[in-house]
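Asker: What shape does this take:
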Amino acid sequence: MKRNKQIAGIITAAMLTATLMAGCGANPTGDSTENVSEAESAAPVSSGSSYDDVENGTAKVKYTGKGDVPGYLELSQVLTVGESYTISEICEALKQIEDFQDEPEITYSMIDCGSDGEEELLVEAQLSAAFGLDMIIKNIDGEFVICYDQSATERSYISVSADGTIESGGASAANIHNMDYAFVDGAGEYKFFYGVTETLSVFDTYDIYVGDSVTSISAEGIDAEHIAVLEYYFEENYEERNCFYSFYAFDDSYNEVDTEEGRADIAEFGVRFKDAGYLIYDQDGINAVLKDRAEEIGYPGQL
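Answerer: Okay, the predicted model is just below:
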């Protein structure tokens, strides 16, 4: 299993900064914004013949509504499915959601989704100090198409690799961290691999929310303050997730440890999860489940 190495390193800093971060990243509310029209472009554009045309603004990219990753900024809020836009028009449209800087910092780089020898264009737009947007654009049958888009805030990150694999994550609390893994394949299709929420320290109960209901699993009699709960899922949509669980023990410095006491606490906690109807796995079991998932959807990265 690929475990995010940032977690152990940032936990102490995360605890110190949790209060400052708590007010950031709320979703926008209110009526839906007015969609941007293709007719608003003052300069003539064409479908273009190379990714250079996308970079210099002489070619537009088509928004299909596919590959949208839910977040604070979503292209679905400001673009129309089937319409095409320059990168500048997309950045300008997003100002309907948030007041960004006048000139976003945009980085373009070539990647090879699926490692099939056909290049795609990765667009990383820093819209302000707090918000950014990543997009993968592919030339499909002579038309530039947005295959993937995802926003990041000061509380989250996105990392897109040269083979089109995507890692994203952030902290929803000082002791709770989320990581998602996905990819864009050689055909330009966005696919979600898996996600995991890591909760460091459980006090009275571990609460599992499904819709309006909550299942509370007691931590009584367990040194759960030194237990981490890993909640895995294959469904990107929060409301559709069927989670399964794993655990590990850690010391006061948040280093993972293997002790007799820790194993006993994990075993007892696991029984309580099972009794509540949830699947649990040890590390070997998690590795096997993720390996099967990777083979099923053709994930090109390493676990």
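Asker: Output the lowest mean pLDDT helix or strand found in the chain.
Answerer: Least confident helix or strand, the chain: helix 6-21 with a mean of 38, by mean pLDDT, DSSP states H and E.
Asker: mind listing the helices for this protein?
Answerer: Counting by DSSP state H, the chain has these helices, from start to end: 6-21, 51-55, 87-93, 260-275, 283-297.
Asker: distance between the second one and the chain's centre?
Answerer: Centroid separation between helix 51-55 and its chain, computed with C-alpha atoms, centre = their mean, to the nearest Å, is 26 Å.
Asker: Kindly provide the whole-number mean pLDDT of it.
Answerer: Confidence for helix 51-55, expressed as mean pLDDT, is 96.
Asker: try the last one
Answerer: For helix 283-297, the mean per-residue pLDDT is 97.
Asker: residues making contact with that helix?
Answerer: 1, 191, 193-194, 230, 232, 234, 244, 246, 248, 281, 299, 301, 303 (C-beta atoms under 8 Å, 6 or more residues apart in numbering). Any C-beta I mention is one placed from the backbone N, CA and C, and that applies to glycine too.
Asker: Single out the most deeply packed of the helices of the chain.
Answerer: helix 87-93 (a mean of 20; mean count of other C-beta atoms under 10 Å).
Asker: list the helices and strands that one packs on?
Answerer: Helix 87-93 is packed against strand 120-126, strand 132-140, with contacts defined by 3 or more C-beta pairs under 8 Å, 6 or more residues apart in numbering; DSSP states H and E.
Asker: now the ones you listed in a markdown table, with mean pLDDT, mean neighbour count and distance to G65?
Answerer: Formatted as a markdown table, those follow (pLDDT from 0 to 100; neighbours: other C-beta atoms under 10 Å; distance: least, C-beta to C-beta, whole Å):
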| stretch | mean pLDDT | mean neighbour count | distance to G65 |
| --- | --- | --- | --- |
| strand 120-126 | 97 | 20 | 17 |
| strand 132-140 | 97 | 21 | 13 |
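Asker: so which of these gets nearest S218?
Answerer: Closest approach to S218 among the helices and strands packed on helix 87-93 is made by strand 132-140 (41.0 Å; C-beta to C-beta).
Asker: Kindly present the helices of the chain as JSON lines, with separate columns for distance to D212.
Answerer: Listed next are the helices of the chain as JSON lines, based on distance: least, C-beta to C-beta, whole Å:
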{"stretch": "helix 6-21", "distance to D212": "27"}
{"stretch": "helix 51-55", "distance to D212": "45"}
{"stretch": "helix 87-93", "distance to D212": "34"}
{"stretch": "helix 260-275", "distance to D212": "21"}
{"stretch": "helix 283-297", "distance to D212": "29"}
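Asker: Determine which of those approaches I106 most closely.
Answerer: Between I106 and the helices of the chain, the shortest gap by C-beta to C-beta is with helix 87-93, which sits at 6.6 Å.
Asker: Only the C-alpha atoms, please, for the closest one, written as PDB.
Answerer: Coordinates of the C-alpha atoms in helix 87-93 are reproduced here as PDB (Å, rounded to 0.1, in the frame of the first residue of the first chain):
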ATOM      1  CA  ILE A  87      -7.700  28.800 -20.600                       C
ATOM      2  CA  SER A  88      -8.000  32.500 -19.900                       C
ATOM      3  CA  GLU A  89     -11.800  32.300 -20.200                       C
ATOM      4  CA  ILE A  90     -11.900  29.400 -17.800                       C
ATOM      5  CA  CYS A  91      -9.900  31.400 -15.200                       C
ATOM      6  CA  GLU A  92     -12.100  34.400 -15.700                       C
ATOM      7  CA  ALA A  93     -15.300  32.300 -15.300                       C
END
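Asker: what's next to that helix, contact-wise?
Answerer: 36, 40-41, 54-55, 57, 60-61, 75, 78-79, 85, 100, 104, 106, 123, 125, 127, 133, 135.
Asker: burial count for A174?
Answerer: Close neighbours of A174, defined as other C-beta atoms under 10 Å, add up to 20.
Asker: And the pLDDT for it?
Answerer: For A174, the pLDDT comes out at 89.
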